[in-house]
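1. coordinates only, sequence not included:
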C-alpha cells in the first residue's frame, strides 16, 4: 500500500488520529491535547467532548500501564512494547480502537473479566466499580482493574474486543469502543 492509498483509507474511514509505536506518558498527553482541540474545532458539545476525552484517557492509560513487556524470540525488539491506536468519527459518533501484544497466558483471565463486565447492567456496573474500588486489590502494574469498567459505564456499551493468537506465548489484544454522538 502506498501513502496515497493509506491517506484515502483513513479519509474514507474518517480517522482523526492514528498511531503505532511505544505509548509513553508524553505521547499520551500530546494525543489528548490534539483530540481535545479537534473536538472543539468540530463544535462538539461540552458533554460529548468530556465523554470522548474521558474514554480516550482510559484507553490510552490502559495501553501505557498494561502493555506487556513481551518476551518472544521471533519478535523484533522494537515491536515488543508496540501498540496501535486510532480514533475516528462517523455519523453515529466516535470510534476508539486500540491494539497491543499480550502474554497468551493472561488471555483467558482477561477475557473472563471483560465478559463479566459485558454481562452487567448499568446498575450492576456501578456496584462492581464500587466493589473493585474498595477491595484494595492492585495488579502488579498498580491498577485495580477499573479502566474497562469505567469505559463500559461511560459509553453505556459492551466492550468489543478480540484476541488473536500470534505464537503459542503471544497474542494480540484489540479493543473497539464506540461513543454515540446522540445520547
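-> That came through fine. What you are looking at is a predicted structure, and each value in this text was computed from that prediction instead of being measured. Numbering: from 1, shown residues only.

2. Work out which residue lies at the spatial centre of the chain.
-> Nearest to the mean C-alpha position of the chain, counting by CA atoms, centre = their mean, stands residue 59 at 3.4 Å.

3. okay, that residue: pLDDT?
-> Listed pLDDT for residue 59 reads 93.

4. for it, what are its contacts?
-> Residue 59 sits next to 85, 96, 98, 151, 175, 177 when contact means CB atoms under 8 Å, 6 or more residues apart in numbering. For every residue, glycine as well, the C-beta is placed using N, CA and C.

5. Name the SS class of it, please.
-> Three-state assignment for residue 59 (DSSP: H, G, I helix; E, B strand; the rest coil): helix.

6. Use 175 as the first number from now on
-> Sure thing, new numbering starts at 175, so read that last one as residue 233.

7. Give me the distance between it and residue 282.
-> 22 Å (CB to CB, to the nearest Å).

8. before we move on, back to that, now the residue nearest to the centre of the chain: how far from residue 208?
-> Where residue 208 is concerned, residue 233 sits at a distance of 14 Å (CB to CB).

9. cool, residue 177 as well?
-> 21 Å.

10. So between these two, which is more surrounded?
-> Between residue 177 and residue 208, counted using other CB atoms under 10 Å, residue 208 has the larger neighbour count: 13 against 7.

11. Leaving out chain neighbours, which residue sits closest to that one?
-> Nearest residue to residue 208, sequence neighbours excluded (CB to CB, 6 or more residues apart in numbering): residue 191, at 6.3 Å.

12. who touches that neighbour in this structure?
-> Contacts of residue 191 (CB under 8 Å, 6+ apart): 205, 208, 209, 212, 259, 260, 261.

13. now, the most widely separated pair of these?
-> Farthest-apart pair in the contacts of residue 191 is 212 and 259; separation 14.5 Å (CB to CB).

14. In terms of neighbours, single out the busier of those two.
-> Per other CB under 10 Å, whichever of residue 212 and residue 259 has more neighbours is residue 259, with 23 against 16.

15. Fine, thanks again, bye for now.
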